[in-house]
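Chemist: I would like to see how this sequence folds:
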Amino acid sequence: MIIADLSQIAGRTYPARRRTQNLVGGMSPIQASNFSMGHVTLEPNGGQVPWHNQDQEEIYFIVEGTGEMCLGEERSTLSTGQAVSIPPRVFHQLTNIGSTPLRMIYCYGPAGDVAHWRQELDGTLPRAGIEVPPLPAGARPQCTARKED
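Modeler: The predicted structure is shown next:
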């Protein structure tokens, strides 16, 4: 039996003020070909999964906290116990708008790395409204900057 223990997974911290811990895929002891799954903690007051898209379909499930979810041209508030479906190739962003950490589970399929993780670490994440479509009106700004900014 292979067990991934969240308390034993260090995860990775990203510039947009979040920590991602892979539960299935990535550095996890559990690997699958049809999906990847992980736990994300967004820091209070602005921690973020920045504006990006990917080929996989995805689900975000809010375990604890309150966030602003942008999906394509839509913007909504998500809170504890809610899930959102993210279709393939649709730009999306989740920002913690609360004063406590936001914890969420993501699941996407098929399995594999998504480009925005490396782009964010490298400082090359495409800018909303410049290289990629703009965020919905009134949305919190994408909180990562490119190296040349």
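
Chemist: contacts only, for Tyr14.
Modeler: Taking Cβ atoms under 8 Å, 6 or more residues apart in numbering, we find Tyr14 in contact with 20, 117, 120-121. Quick note: C-beta positions are derived from backbone N, CA and C, even for glycine.

Chemist: all strands for this protein, in order.
Modeler: 12-14, 18-24, 36-42, 48-52, 57-64, 66-71, 74-79, 83-86, 92-96, 102-109 (DSSP state E).

Chemist: for the third one, C-alpha coordinates in PDB please.
Modeler: These are the backbone C-alpha positions of strand 36-42, laid out as PDB (Å, rounded to 0.1, in the frame of the first residue of the first chain):
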ATOM      1  CA  SER A  36      -2.900  14.600 -10.400                       C
ATOM      2  CA  MET A  37      -4.000  15.900  -7.100                       C
ATOM      3  CA  GLY A  38      -2.600  18.200  -4.400                       C
ATOM      4  CA  HIS A  39      -3.100  20.500  -1.500                       C
ATOM      5  CA  VAL A  40      -2.500  24.200  -1.800                       C
ATOM      6  CA  THR A  41      -2.200  26.800   1.000                       C
ATOM      7  CA  LEU A  42      -2.600  30.500  -0.100                       C
END
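
Chemist: average pLDDT for that strand, rounded please.
Modeler: Averaging the model's pLDDT scores along strand 36-42 yields 98.

Chemist: partners of that strand, with directions?
Modeler: strand 18-24 (antiparallel), strand 102-109 (antiparallel) (DSSP bridges).

Chemist: where in the protein is pLDDT low?
Modeler: 144-149 (pLDDT under 70).

Chemist: ok, and the closest non-adjacent residue to the residue sitting nearest the centre point of it?
Modeler: Nearest to the centroid of the C-alpha atoms of the chain, with distances taken as Cα atoms, centre = their mean, sits Val49, at 3.8 Å. Nearest residue to Val49, sequence neighbours excluded (Cβ to Cβ, 6 or more residues apart in numbering): Leu94, at 4.6 Å.

Chemist: give the contact list for that neighbour.
Modeler: Applying Cβ under 8 Å, 6+ apart to Leu94 gives the contacts 42, 48-49, 60, 67-70, 78, 102, 104.
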